[in-house]
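[1] Let's see this in three dimensions:
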Amino acid sequence: MALTGTAWAGPAAVPPVEPQHLRVMTHNVYLGASLAPALAARTTPALLAAVATIYAEVRATDFTVRAEGLAGEIARESPDLVGLQEVTTWTTTGPGAGPSQDFLAILRQALDRRGLHYAVASVSPGTDVGPIPLAAPCASTTVGTCTLRLRDSDVVLVNERTPGLHWSAPRHGLYQARQTIPLPAPGVPPVELVHGWASVEAKHHGVSFRFVTTHLETEQFPAVQRAQATEFLAGPVAGPGTVIAVGDFNSAADGSTTDTYQLLTGRFRDAWTEASPGGPGLTCCRSADLNDPAAPLTSRIDLVLLDGAAAARDARVVGAEPFRASRPRYTSDHAGVAATVGWRRPAG
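    This is a model prediction of the structure:
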């Protein structure tokens with residue numbers, strides 16, 4: 001891909017996929033900024049400054065630019081089903097407040113420009129913060145004239161041009177286990193970090209399965225994360241039949257952070273280890289500004305999990321390299337994972 005200032009080497013060729021096999025992908029697309037400054041604020045002035053800083057970083061990590069890189073990844077990998085996390089809408093109000101950004105609409109436009117046809121099959125709303133006062137940019141000095149709101153979601157996309165693939169019964173849900181963080185501003189309610197899941201029922205050349213995407217709480221709140229994983233196992237992936245579960249599970253596969261990975265793989269097989277592609281498969285995490293060309297990935301928390309008739313034929317990390325020479329250099333602070341799935345029994 002030729003890029004401003006530099007031509008980056010393209011990724012390795014995608015392995016050929018047999019017609020009876022399925023290609024799936026997961027990617028946390030990144031909300032565009034770290035929320036840590038706002039969550040750590042202890043005074044109202046500090047909170048207002050933090051919100052302005054967060055929005056400035058969202059604009060600097062411009063999703064309109066990143067969506068082109070993400071659409072390029074999807075075009076190269078040609079997945080049949082995609083699970084996306086942190087698909088965010090940033091809504092601004094007030095004079096001079098700057099543009100709102102709807103990540104899903106922006107990504108769909110980027111896909112359309114490549115002639116790709118992905119249906120938005122299921123959406124799960126998550127964390128919803130605001131409206132909260134936005135001090136800058138704002139053409140007024142009156143606090144509250146300009147506001148900022150964040151709404152997060154998980155999304156399932158389905159390739160409408162995959163032969164033999166049919167989907168139905170979109171569902172979504174939210175976990176009861178949640179972390180709540182108070183904010184030090186009069187009239188501003190505590191932030192509730194809400195996570196959930198989205199799913200579809202599907203059939204591929206006669207083989208039925210459920211495809212589910214989710215995003216669990218971070219390792220900073222391990223008890224909440226584990227409780228959400230327990231809800232996940234007892235809810236959207238429970239019962240008979242084949243399940244392909246993808247997402248940002250926020251638990252390092254090497255056990256160095258939380259034990260949630262071990263809990264999940266007590267039920268599921270990890271496509272990365274089953275396919276044995278070699279290498280550590282690291283997917284997390286880049287610096288928040290997406291501007292460090294040499295930032296290392298240090299953990300494997302983005303997973304494709306399989307059970308029942310599904311079996312991994314190959315797996316690969318996608319989006320680990322810069323896609324352009326200037327900020328934002330990366331499509332996300334996470335890399336994604338793509339896997340080819342075959343079936344352990346004949347169709348039907």
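[2] Just name the shakiest helix or strand of this structure by mean pLDDT.
    The helix or strand of the chain with the poorest confidence is strand 6-7; it has a mean of 32 (mean pLDDT, DSSP states H and E).
[3] continuing past that strand, what's the next helix or strand?
    The helix or strand immediately downstream of strand 6-7 is strand 22-28, counting by DSSP states H and E.
[4] can you give me how far the following helix or strand past that next one is from the chain middle?
    For strand 22-28, the succeeding helix or strand toward the C-terminus, using DSSP H and E, is helix 36-40. Mean-position distance between helix 36-40 and its chain equals 21 Å (C-alpha atoms, centre = their mean, to the nearest Å).
[5] May I have the biggest helix by length in the chain exported as CSV, CA atoms only?
    Across the chain, the helix with the greatest residue count (assigned by DSSP state H) is helix 44-60. Extracted as CSV, the C-alpha positions of helix 44-60 are listed here (Å, rounded to 0.1, in the frame of the first residue of the first chain):
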residue,chain,number,x,y,z
THR,A,44,-13.8,19.5,38.5
PRO,A,45,-11.1,21.6,36.8
ALA,A,46,-9.0,18.5,36.3
LEU,A,47,-11.9,16.7,34.8
LEU,A,48,-12.7,19.5,32.4
ALA,A,49,-9.0,19.6,31.3
ALA,A,50,-9.0,15.8,30.9
VAL,A,51,-12.1,15.8,28.7
ALA,A,52,-10.5,18.4,26.4
THR,A,53,-7.3,16.3,26.3
ILE,A,54,-9.2,13.1,25.4
TYR,A,55,-11.2,14.8,22.6
ALA,A,56,-8.0,16.3,21.2
GLU,A,57,-6.5,12.8,21.1
VAL,A,58,-9.6,11.4,19.4
ARG,A,59,-9.2,14.0,16.7
ALA,A,60,-5.5,13.3,16.3
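[6] Name the residues of it that are buried.
    Neighbour-count burial for helix 44-60 flags Leu47, Leu48, Ala49, Ala50, Val51, Ala52, Ile54, Tyr55, Glu57, Val58, Arg59 (criterion: 16 or more other C-beta atoms under 10 Å). In this view, the C-beta of every residue, glycine as well, is placed from N, C-alpha and C.
[7] Stretch 124-133 too?
    Ser124, Pro125, Gly126, Thr127, Val129, Gly130, Pro131, Ile132, Pro133.
[8] could you dump these to CSV with distance to Ile301 and secondary structure?
    Formatted as CSV, the buried residues of stretch 124-133 follow (distance: C-beta to C-beta, whole Å; DSSP: H, G, I helix; E, B strand; the rest coil):
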residue, distance to Ile301, secondary structure
Ser124, 19, strand
Pro125, 22, strand
Gly126, 17, strand
Thr127, 18, strand
Val129, 23, strand
Gly130, 27, strand
Pro131, 31, strand
Ile132, 28, strand
Pro133, 33, strand
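[9] so which one among those residues has the lowest pLDDT?
    By pLDDT, Gly130 ranks lowest within the buried residues of stretch 124-133, coming in at 86.
[10] any idea what the nearest residue to that residue once chain neighbours are set aside is structurally, helix, strand or coil?
    By the measure of C-beta to C-beta, 6 or more residues apart in numbering, the closest residue to Gly130 outside its immediate chain neighbours is Arg149, 3.4 Å from it. At Arg149 the chain is in strand, as set by DSSP: H, G, I helix; E, B strand; the rest coil.
[11] go on, Arg42?
    Secondary structure for Arg42, judged by three-state DSSP, is coil.
[12] how far away is it from Leu233?
    From Arg42 across to Leu233, the span is 37 Å (C-beta to C-beta, to the nearest Å).
[13] between these two, which one's more packed in?
    It is Leu233, of Arg42 and Leu233, that has more neighbours when counted by other C-beta atoms under 10 Å, with 16 against 9.
[14] Confirm the more buried one sits in a strand?
    No - residue state for Leu233 (three-state DSSP) corresponds to helix; a strand is not indicated.
[15] so who does it touch?
    Leu263, Leu264, Arg267 (C-beta atoms under 8 Å, 6 or more residues apart in numbering).
[16] how close does it get to Gln262?
    Using C-beta to C-beta, Leu233 is found at 12 Å from Gln262.
[17] What of Ala67?
    For Ala67, the distance to Gln262 - C-beta to C-beta - is 35 Å.
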